[in-house]
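>>> Any chance you can model this:
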Amino acid sequence: MPASNPTRRQMSQLIGSALATASILPCSPASAAHRHNSHGQTARKAPAVIGSAAPPRPVIMLDPGHGGKDPGAIGVSGTYEKHIAAAAAKELYRQIKAAGRYDVVMTRADDHFIPLEGRVDLAHKHKAQLFISMHADALHDPAVRGASVYTLSNGASDAQTASLAQTENSADRFAGPAFHGMSSEVQDILASLVHEETRRGSAHMAASVVSSFQPRIGLLRHPARHAAFVVLKSADIPSVLVEMGFMSNRHDEAALRQGGYRQQVASAMSSAIDRYFQGSGTNIARSG
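Next up is the predicted model:
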């Protein structure tokens, strides 16, 4: 007996069932990877994008104060500030490199003189996102001891800081008579050009230094101060000057001569840098 022809309704049901089955069956790797066009050529499917490139590492500029013919402060036992600043900056450089979260550059890695504005120029050349100038100055009062951190301001927070800024700003006298440096009028203009966002970033870094130093490094009574430091006058790079102690105090000088103590200072500075970038919402690349 001949088989009866299926009705139109039965055909529709069969086609619908087949399509539904095909839609839930997984494609084979071969069929997923290759599609044939009408000319018989194979069109390859674009590979899926997995993950994304790591964010660029922030660049930190470390600036060991003084150098070359400028010794900086001379300690009570004859220690030169320029040597202490360089040794501490190199230790901080080592710790930052080992952590692998940031790129780090130094204004000087050896004992040579750089004018103040030349240090700022280097920070711009390397597109630094943070500038840290490291010092260990001397004061008239040998009893004063402890670390402190300074940001830029047209006016000084106190007489001691004003005197300190005047000493630091006179460093360009070692550049010789042909180098005139910045006039006070130009310095005032530059200070007025510093972006408000940069000022906030500098203040945030100063607060991070104080918070990181407090448990392990002795501080001045009011450790976060401000004055018109030439070396901090970048319009768009948050900048701080860190006094690790005072060479005019025999206890500070003795401590800063010790490699172990400089490691503690560098470790506290490294923590401050982490606090700063975490607080600024910067996406930091993981080490390794």
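>>> show me where pLDDT drops low in the stretch 51-200 of the chain?
51-52, 175-193 (pLDDT under 70).
>>> Sketch out the helices for it, chain order is fine.
Using DSSP state H, counting those that start in this stretch, the helices of the stretch 51-200 of the chain run over residues 81-99, 116-125, 159-169, 184-193, 196-213.
>>> can you redo the ones you listed as JSON lines with distance to Tyr150 and mean neighbour count?
(Glycine included, C-beta is placed from N, CA and C.) Putting those into JSON lines (distance: least, C-beta to C-beta, whole Å; neighbours: other C-beta atoms under 10 Å) gives the following:
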{"stretch": "helix 81-99", "distance to Tyr150": "14", "mean neighbour count": "20"}
{"stretch": "helix 116-125", "distance to Tyr150": "14", "mean neighbour count": "19"}
{"stretch": "helix 159-169", "distance to Tyr150": "7", "mean neighbour count": "18"}
{"stretch": "helix 184-193", "distance to Tyr150": "14", "mean neighbour count": "13"}
{"stretch": "helix 196-213", "distance to Tyr150": "8", "mean neighbour count": "19"}
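>>> Reformat the ones you listed as a markdown table; add distance to Ser248.
What follows is those, written out as a markdown table (distance: least, C-beta to C-beta, whole Å):
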| stretch | distance to Ser248 |
| --- | --- |
| helix 81-99 | 10 |
| helix 116-125 | 22 |
| helix 159-169 | 11 |
| helix 184-193 | 26 |
| helix 196-213 | 20 |
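>>> and of those helices, who's closest to Thr107?
For the helices of the stretch 51-200 of the chain, proximity to Thr107 was assessed by C-beta to C-beta; helix 116-125 is nearest, at 4.8 Å.
>>> out of the helices of the stretch 51-200 of the chain, nearest to Ile74?
Comparing those by their distance to Ile74 (C-beta to C-beta), the top pick is helix 81-99, with 7.2 Å.
>>> May I have the phi/psi pair for the closest residue to Thr167 other than its chain neighbours?
Residue nearest to Thr167 in three dimensions, not counting chain neighbours: Asp137, with 6.6 Å by C-beta to C-beta, 6 or more residues apart in numbering. Dihedral angles of Asp137 (phi, psi; degrees, to the nearest 10) stand at phi -80, psi -170.
>>> Scan the chain for its longest helix.
When every helix of the chain is counted residue by residue (DSSP state H), the longest turns out to be helix 259-279.
>>> Which positions within that helix qualify as buried?
Counting neighbours by 16 or more other C-beta atoms under 10 Å, one finds that the buried residues in helix 259-279 are 261-262, 265-277.
>>> Quick one, which of the helices of the stretch 51-200 of the chain gets closest to Pro223.
In terms of C-beta to C-beta, the element of the helices of the stretch 51-200 of the chain nearest to Pro223 is helix 196-213, at 5.2 Å.
>>> Run the chain-centre distance for the closest one.
Counting by C-alpha atoms, centre = their mean, to the nearest Å, helix 196-213 is centred 12 Å from the centre of its parent chain.
>>> what about the helix or strand just after that helix, average pLDDT?
Later in the chain than helix 196-213, the nearest helix or strand by DSSP states H and E is strand 219-227. Averaged across strand 219-227, pLDDT comes to 96.
>>> That's all I had, so thanks and see you.
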